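> Sharing a sequence plus its predicted fold:
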Amino acid sequence: MRTLTVRMARSSARHPWRALLGWLLFVALCLGAGSAVGTNSAKTADYRVGEAGRAEAMAAEGHLERLSAEQVLISARSGALDERAAASAATDLTARMKRLPEVADVAAPVRSSDGRVLMVEVSVKGEERDAKDKVDALVAQTEAVQKDHPELLLEETGSPSISKGVDQQRGDDLALSEKITLPVTLVTLLVVFGSLTMAAVPLLLALSSIAAAVGLAMVASHLSPDAGVGTNVILMIGLAVGVDYTLFYLKREREERARSGGRLSSEALVELAAATSGHAVVVSGLAVVASTATLYLASDVIFSSLATGTVVVVLVAVASSLTALPALLTVLGRRAERRARRRAERGKPARRTRKPEDGGRFWTALLRPAARHPLATLCASVLALLALVLPLSGLNITEMSRDTHSREIPAMRVYDRLNAAFPEHRVTHQVVVRADASRAAEVTAALRELAERADADPLFAGASRIRTSADHRFSTLELRVSYLGDSPQAYDSLDHLRDDYLPATVGRVAGAEYGVTGDVARYTDYPAHQNSKLPLVLGALLLVTFLMTLYAFRSVVLGLIGVVLNLLSAAAALGLLVLVFQHTWAEGLLDFHSTGSIGSRVPLFLFVILFGLSMDYQVFVVSRIREAVLAGTPTRQAVLDGVRRSASVVTSAAVVMTTVFVSFVFLHIIEMKQIGFVLAAAVLLDAFVVRVLILPSALLLLGERTWWPVRPAQRPEPAPENTLVDVR
């Protein structure tokens, strides 16, 4: 009874208003500190991986990097294009753009092969990641020229405007997600507790935890840069675990209140809940943190940003359950006690206290197969999950390219028209070479030979002039490809370039270091980088899961079971994702266009996050079982009672968590859709199949061997301290 969780709960319960004020001050300080230091956003260099990243770094060192560019298309509103009017508009646009401090250069107008479109390309100064923040100035000039030439149609697209459109769409999607999630979560909690006040407690604590985590994440971004996804994951994971942790604690406090029949004070009930569910919350929270921290091993700024957001929000959610929640429960409990005393003084009968939950008929029926036929139930359940794993044999992992963005973004619709009018501008490979300055002439000759070889290849559509740095150590050549960036031909052209043409030309220059970058090179190198890191991260994840379970329950058997079950549920969910998103049959149902692949970040993110979240259920369920064993209950009965008594809480938590994740399926970004779907599927499989069918069946078959090497020793119930008992 003297654990850290109990001591903190006791302090909060004795001084509830001080604890609540302290929590609010903590949230305010976190937000204040975050606002003061701001967010350290990831730079272009932070995203560099593989050969493409090395080539970009060389180009940047020689000041030959490709600048972000906007393309303005000038066409007739109807009929043939008036060449003189189009040329006048292009001249006006060029003059306006050149006066902008954000613009590095404006290329000469280029006419499409059919003569219907004139294109003006504008290069933007500075970091590629910062270009989207400068695009408004360019768009304003395009709109001004459009106003002066109403007979023409001027449309703008490019990487900066597309990125800005994606960010705006993501923001709108998240707002919609919140509008869906919060009411559904509140209704779910209202059904669970039957009281609006009690239903609001988990939601309010989760939202306050999210607010504090957002501020802390801004501070943490100065140690690990934010890739722009930190807030997204804080909202998604924060609401899920924040509500879950509060729910676990609240349900146990209500159970103890019903069991005591009014003999214990609110402070005593809070301490009892802290000693049981409070401890489980801390252990599961630490398990989520430890599991998520393995993402740092991926050596990727996006995964590091995801890890930072998750770690911060989970730690804050655990802190709220240790401090603010006990205080809030004490305040609400004291209010209920005062109402009960007033009713007694008026001679009214006391309200009936709900009996401690035993799981009810529904969960008794659902557990019956495991109780009566554990071996058959185990085999059938495992085979069902293995059937869902089978589609993984066809898993196709790719980097989601620009071409996969929603066409509801205006810049994407213009991008499609750009590709149609100027197919030779669809893809550009940039070859970068670094060599001793004395080899500059050899490098130039080799690049010319490379351009000649590419000209003879139907996959390529021409080459740019060779650019050389001022110190003659760096040279670049750009090769165009007239196929879309996600097409097989675009990837084939990269393979020809890297495997054949470069070794046969630049590769013969002594001491020359070379590489190819560009969008297609990035789309190729990023999944390869992730695949190379996957064994390391997965191995660390399995080890962390095992060690955390071993720490929590002192059982090697339970540690191994946890690893196997988490792997099984994650693999089954990923197989279901492949079945849905790599095919077209669910496109109308879930409103997406299948790319025939899964986003490169999804599998790793799924395994890490699911392993952490699964520990919530594992710790909570097994803690109830172990608690019964410590009280002297035989393992078989402890398993059935523990699962049955925790079933409603696990179900409610799973419904809340699933609601949060499902809301992300409504987003337009295909990778976010996939993440939301797979996490929702994984949580449902874990809560309703793994924890209700497979886990109890396995534990019933193992019996006392579950606790190997040391069975929990039975111990007497500790006598409550005098301060815990209401001696009225």
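In hand now; what should we look at?
> need the contact list for residue 489.
For residue 489, the contacting residues are 459, 481, 483, by CB atoms under 8 Å, 6 or more residues apart in numbering. In short, each C-beta sits where N, CA and C put it, glycine included.
> Out of the residues you listed, list just those in strands.
Among these, the members falling in strands (DSSP state E) are residue 481.
> most surrounded residue in the contacts of residue 489?
residue 481 (29 neighbours; other CB atoms under 10 Å).
> my guess is that one contacts residue 460, does it?
Yes. Assessed by CB atoms under 8 Å, residue 481 is found in contact with residue 460 at 5.9 Å.
> what do the two both touch?
Any residue near both residue 481 and residue 460 by CB under 8 Å, 6+ apart counts here, and that gives residue 493.
> Now do the buried residues in the helix or strand of the chain with the lowest mean pLDDT.
Here the helix or strand of the chain ranked lowest by mean pLDDT, DSSP states H and E is helix 360-372, holding a mean of 78. Within helix 360-372, the residues that qualify as buried are 363, 366-367, 369-371, counting by 16 or more other CB atoms under 10 Å.
> Farthest pair within those residues?
363 and 369 (12.2 Å; CB to CB).
> The residue nearest the centre of the chain: which element?
Most central in the chain under CA atoms, centre = their mean is residue 233, positioned 4.9 Å from the mean C-alpha point. Using DSSP states H and E, residue 233 sits within helix 230-260.
> Packing partners of the helix or strand just after that helix?
On the C-terminal side of helix 230-260, the closest following helix or strand by DSSP H and E is helix 266-273. On a contact count with 3 or more CB pairs under 8 Å, 6 or more residues apart in numbering; DSSP states H and E, helix 266-273 meets helix 4-14, helix 230-260, helix 324-345.
> Show me where the stretch 601-728 of the chain has its helices.
Using DSSP state H, counting those that start in this stretch, the helices of the stretch 601-728 of the chain run over 602-630, 635-663, 670-685, 695-702.
> will you turn the ones you listed into a markdown table that also has mean neighbour count?
Formatted as a markdown table, these follow (neighbours: other CB atoms under 10 Å):
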| stretch | mean neighbour count |
| --- | --- |
| helix 602-630 | 25 |
| helix 635-663 | 23 |
| helix 670-685 | 24 |
| helix 695-702 | 23 |
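> Now those helices in JSON lines, please, with extra columns for distance to residue 158 and mean pLDDT.
Putting those into JSON lines (distance: least, CB to CB, whole Å; pLDDT from 0 to 100) gives the following:
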{"stretch": "helix 602-630", "distance to residue 158": "27", "mean pLDDT": "84"}
{"stretch": "helix 635-663", "distance to residue 158": "31", "mean pLDDT": "82"}
{"stretch": "helix 670-685", "distance to residue 158": "21", "mean pLDDT": "89"}
{"stretch": "helix 695-702", "distance to residue 158": "53", "mean pLDDT": "92"}
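> Please name whichever of the ones you listed is nearest to residue 206.
Taking the helices of the stretch 601-728 of the chain one by one with CB to CB, helix 635-663 is closest: 9.3 Å.
> Name the SS class of residue 155, please.
On the three-state scheme (DSSP: H, G, I helix; E, B strand; the rest coil), residue 155 is labelled strand.
> Surely residue 121 forms part of a strand?
Yes. Under three-state DSSP, residue 121 sits within a strand.
> Identify the bridge partners of it.
residue 71 (DSSP bridges).
> wait, doesn't it sit right on residue 97?
No. Look at residue 121 against residue 97 with CB under 8 Å: they stay out of range, at 10.0 Å.
> which residues are in contact with both of those two?
Listed as contacting both residue 121 and residue 97 by CB under 8 Å, 6+ apart are residue 106.
> Please parse the chain into its domains.
Domain assignment for the chain by automatic domain parsing gives 1-38+195-345, 67-164, 360-394+527-728, 410-524.
> Residue 61: which of the ones you listed is closest?
Closest among these, using CB to CB: domain 410-524, at 6.8 Å.
> gap between the two ends of the closest one?
Counting by CA to CA, to the nearest Å, you get 27 Å between the two ends of domain 410-524.
> quick check, distance from it to the centre of its chain.
For domain 410-524, the distance from its own C-alpha centre to the chain's C-alpha centre is 34 Å (CA atoms, centre = their mean, to the nearest Å).
> List the residues that contact the nearest residue to residue 102 once chain neighbours are set aside.
In space, and not counting its chain neighbours, residue 102 is closest to residue 134: 4.1 Å by CB to CB, 6 or more residues apart in numbering. Shown in contact with residue 134 (CB under 8 Å, 6+ apart): 102, 124-126, 160.
> Which members of those residues are positioned in helices?
residue 160 (DSSP state H).
> which residue ranges form the helices in the stretch 101-250 of the chain?
Under DSSP H, counting those that start in this stretch, the stretch 101-250 of the chain gives helices at 135-148, 159-193, 196-220, 230-260.
> most tightly surrounded among those?
Most buried of those by mean neighbour count (mean count of other CB atoms under 10 Å) is helix 230-260; its value is a mean of 25.
> and that one, what does it pack onto?
Right, helix 230-260 is packed against helix 159-193, helix 196-220, helix 266-273, helix 279-293, helix 301-322, helix 324-345, helix 602-630, helix 635-663 by 3+ CB pairs under 8 Å, 6+ apart.
> Residue 299 contacts residue 533, correct?
Yes. Between residue 299 and residue 533 there is a contact at 6.4 Å, judged by CB under 8 Å.
> So which of the two has more stuff around it?
residue 533 (18 against 15).
> Let me know the secondary structure of the more buried one.
What three-state DSSP gives for residue 533 is helix.
> Quick check: residue 636 vs residue 653, distance?
Residue 636 sits at a distance of 26 Å from residue 653 (criterion: CB to CB, to the nearest Å).
> Thanks a lot, catch you later.
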